[in-house]
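**Q** Sequence isn't available, so here's the structure alone:
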């Protein structure tokens, strides 16, 4: 029996947990059984629950995947009762692309969980850049008059030198 899942574009902070029901399925075959059009397989975790030792799957999801205790509470018994292998599919495995998964035999969707993320907070900007006095309209900045006078002086000197050279050649 195949299950179809629609993944929206730019989905973020979502984790889907699948039980690998076919023990003969390799890790690569389990990822292929998701039926994804395009997937970043390095983002997908497939592991035997025995590798967790005494840690229940719900604790691993809370500590290792950032799933809140409140989101796990309704499914804690089912998650912790799983045996064998599981496949963890985070939304980052889709690379921001919309997808339609046709989950094939060998996998069973256990649950979809939202990762807990802290709200974004911005520190206030320092106010020092907004202080001071804006010059009145038409005011000439200090030092501009001296630069303008020097420019006129040297331009006049260049014109005078050109005139002397022109007269010297013509004479």
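**A** It's in. Here the structure is a predicted model, which is why all the values come from computation and not from measurement.

**Q** Tell me which other helices or strands the helix or strand residue 31 falls within touches.
**A** Assessed by DSSP states H and E, residue 31 sits inside helix 27-32. On a contact count with 3 or more Cβ pairs under 8 Å, 6 or more residues apart in numbering; DSSP states H and E, helix 27-32 meets strand 45-48, strand 85-90. Any C-beta I mention is one placed from the backbone N, CA and C, and that applies to glycine too.

**Q** looking at these, which is closest to residue 162?
**A** strand 85-90 (75.5 Å; Cβ to Cβ).

**Q** next SSE after the closest one?
**A** Strand 85-90 is succeeded, C-terminally, by strand 99-103 (DSSP H and E).

**Q** what does the helix or strand following that following strand contact?
**A** Next helix or strand after strand 99-103 toward the C-terminus (DSSP H and E): strand 107-114. With Cβ atoms under 8 Å, 6 or more residues apart in numbering as the test, strand 107-114 has contacts from 3, 5, 13-21, 30, 33-34, 61, 65, 67-68, 71-72, 75, 78-79, 82, 86-87, 103.

**Q** From those, which land in strands?
**A** 3, 5, 14-20, 86-87, 103 (DSSP state E).

**Q** Tell me the one of those residues nearest residue 138?
**A** Set against residue 138, the nearest of the ones in strands among the contacts of strand 107-114 by Cβ to Cβ is residue 14 (59.4 Å).

**Q** Which other helices and strands does the biggest helix by length in the chain contact?
**A** For the chain, the helix with the greatest residue count under DSSP state H is helix 144-170. Using 3+ Cβ pairs under 8 Å, 6+ apart, no helix or strand is in contact with helix 144-170.

**Q** and residue 9, helix, strand or coil?
**A** coil (DSSP: H, G, I helix; E, B strand; the rest coil).

**Q** Flag the shaky bits of the chain, pLDDT-wise.
**A** 1, 127-132, 135, 139-142, 171 (pLDDT under 70).

**Q** Just list whatever residues bridge to residue 17.
**A** As for beta bridges, residue 17 partners with residue 88, residue 111 under DSSP bridges.

**Q** returning to that earlier point: and the helix holding residue 31, what's buried?
**A** 30-31 (16 or more other Cβ atoms under 10 Å).

**Q** Show me how to select, in PyMOL, the buried members of the contacts of strand 107-114.
**A** Selection of buried members from the contacts of strand 107-114 for PyMOL, criterion 16+ other Cβ under 10 Å:
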select buried, resi 5+14+15+16+17+18+19+20+30+33+34+61+65+67+71+72+75+79+82+86+87+103
